[in-house]
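*Asks:* need a structure here:
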Amino acid sequence: MADPGKKKLKLVDDFETASWRMEGWQKVDDDTVLHRRRIPVTGDRNGIMLQIFDFNTFQLTTIFDLKGYNTGELSGSMQVIPFSQIENKQALKDAHQALTDLKGNPPHIDIVLGVDVTLDKNVTVRGPIKLRGNEP
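*Replies:* This is a model prediction of the structure:
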């Protein structure tokens, strides 16, 4: 049975035959996933936006290429920001889920989100424990 809290993401799971025209999530390596989408700018001009989530460096690289499907023109921009500066944590959750679904090996989502565990008082614990907490 499918996890009811899990989003259905558009995955591009064959890196060898993937085209820059494909939209969706694509695994780069075990720690990196990219999300590619076409951005309609005007009636005859499209752009391509790539968001590259690197779970090794905990950085998001966003590349916007305005050339779109017309290779005769070129205009683009790039931005690199650390995960800690991303306000929309759902974007990190989606990227993590996509990389996991594509058989990547990112760190646990709590590490990615920077969830800290704090005990209210000293307690003695035996055996394996599972901690539950509120996500940021």
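*Asks:* contacts, neighbours, all on C-alpha from now
*Replies:* Will do.
*Asks:* For residue 105, see how far away residue 111 is.
*Replies:* Taking Cα to Cα, to the nearest Å as the measure, residue 111 and residue 105 are separated by 13 Å.
*Asks:* who has more neighbours, those two?
*Replies:* It is residue 105, of residue 111 and residue 105, that has more neighbours when counted by other Cα atoms under 10 Å, with 15 against 10.
*Asks:* Give me the sheet partners of the helix-or-strand element of the chain with minimal mean pLDDT and which way each runs.
*Replies:* Ranked by mean pLDDT, DSSP states H and E, the weakest helix or strand in the chain is strand 11-12, scoring a mean of 76. Strand 11-12 has its sheet partners listed here by DSSP bridges as strand 24-29 (parallel).
*Asks:* So, low pLDDT: which residues of this structure?
*Replies:* Along the chain, the parts satisfying pLDDT under 70 run over 1-7, 13-21, 42-45, 67-75, 116-120, 123, 125-136.
*Asks:* same thing but at 50, please
*Replies:* 1-2, 68, 135-136 (pLDDT under 50).
*Asks:* so where do the strands sit in it?
*Replies:* Remark: strands assigned in the chain by DSSP state E are 11-12, 24-29, 32-42, 45-54, 59-65, 76-82.
*Asks:* Residues contacting stretch 96-108, please?
*Replies:* The list of residues contacting stretch 96-108 from outside it, by Cα atoms under 8 Å, 6 or more residues apart in numbering, reads 9, 11, 13, 25-27, 29-33, 55-56, 109.
*Asks:* how many other residues sit next to residue 78?
*Replies:* Summarising burial for residue 78: neighbours were counted as other Cα under 10 Å, giving 12.
*Asks:* In contact with it, which residues?
*Replies:* Contacts of residue 78 by Cα under 8 Å, 6+ apart are 61-64.
*Asks:* in this structure, which helix has the most residues?
*Replies:* Identified as the longest helix of the chain according to DSSP state H is helix 89-101.
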